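# requesting a structural model of the entry that follows:
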Amino acid sequence: MEEKNRVVRMETSKGTMTLELYAARAPKTVERFMAAVNAGKYDDLKFHRIIKDFMVQGGDPQGTGMGGGNVKFEGSDVKHVPGVISMAAQQAHVDQSDMQFFIMTSTSDQLDGNYTAFGHVTEGMDVLGAIAATPVAQAQRGERSRPVEDVCIVKVSEILD
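You can find the predicted model right below:
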């Protein structure tokens, strides 16, 4: 029997998004993400990296929160198109972050098969657009990706049937 997709509500300071997570395609990633959601680990964190016409990144910038090390990369047939949620990693095809995720605001074929895409936005693409439109400044690593205003993840919760 195929595992049922999970659904979460992500309330942000810019509005609310609903995300459907692909439990059968990326079971370990979804399980890990849901453990963090159900423990309240994403609540009150920020979208700390925003790259125009690419993606918004949130979660714990230190990559910690659930313990037990990183989750191994899970290959996926999911394309990195607008609204797809994927786990962050230091580099492609390696262990992924413990707590950081990104949501695509454009299509990026070079990420396909290299980062674990594990769900998509089903409601609130306008909210994703509002987050992506947040002005940014230069970050420590030199890219223009540091939001000049806080964009907070207020609360993430599972929507049960």
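
# and the helices in this protein?
27-38, 125-132 (DSSP state H).

# tell me what the last one is packed against?
In this structure, helix 125-132 packs against strand 15-21, strand 45-51, strand 55-58, with contacts taken as 3 or more CB pairs under 8 Å, 6 or more residues apart in numbering; DSSP states H and E. Where C-beta positions appear, they are placed from N, C-alpha and C, glycine not excepted.

# circling back to that earlier point, in a markdown table: the helices of the chain, plus mean neighbour count, distance to Pro147 and mean pLDDT.
Output for the helices of the chain, formatted as a markdown table (neighbours: other CB atoms under 10 Å; distance: least, CB to CB, whole Å; pLDDT from 0 to 100):
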| stretch | mean neighbour count | distance to Pro147 | mean pLDDT |
| --- | --- | --- | --- |
| helix 27-38 | 18 | 21 | 92 |
| helix 125-132 | 18 | 9 | 98 |
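
# which one, of the ones you listed, ends up nearest to Gly119?
Nearest to Gly119 among the helices of the chain is helix 27-38 (7.4 Å), distances taken as CB to CB.

# below-threshold pLDDT in this protein: ranges please.
Flagging of the chain using pLDDT under 70 yields the residue ranges 1-2, 63-73, 75-76, 90-98.

# let's check: the centremost residue of it is which one?
The chain has Phe101 as the residue nearest its centroid, 2.9 Å off, counting by CA atoms, centre = their mean.

# identify the bridge partners of it.
The partner list for Phe101 in beta bridges (DSSP bridges) reads Gly58, Met87.

# OK, contacts around it?
By CB atoms under 8 Å, 6 or more residues apart in numbering, Phe101 lies in contact with 33, 57-59, 85-88.

# can you tell me which of those comes closest to Cys152?
Using CB to CB, the contacts of Phe101 come closest to Cys152 at Gly58, 9.2 Å.

# correct me, but that closest one touches Lys46?
Yes: using CB atoms under 8 Å, Gly58 is in contact with Lys46, at 6.7 Å.

# neighbour count: those two, which is higher?
Neighbours were counted for Gly58 and for Lys46 using other CB atoms under 10 Å; Gly58 has more, 26 against 17.

# that one and Tyr42, how far apart?
To Tyr42, Gly58 is 7 Å away according to CB to CB, to the nearest Å.
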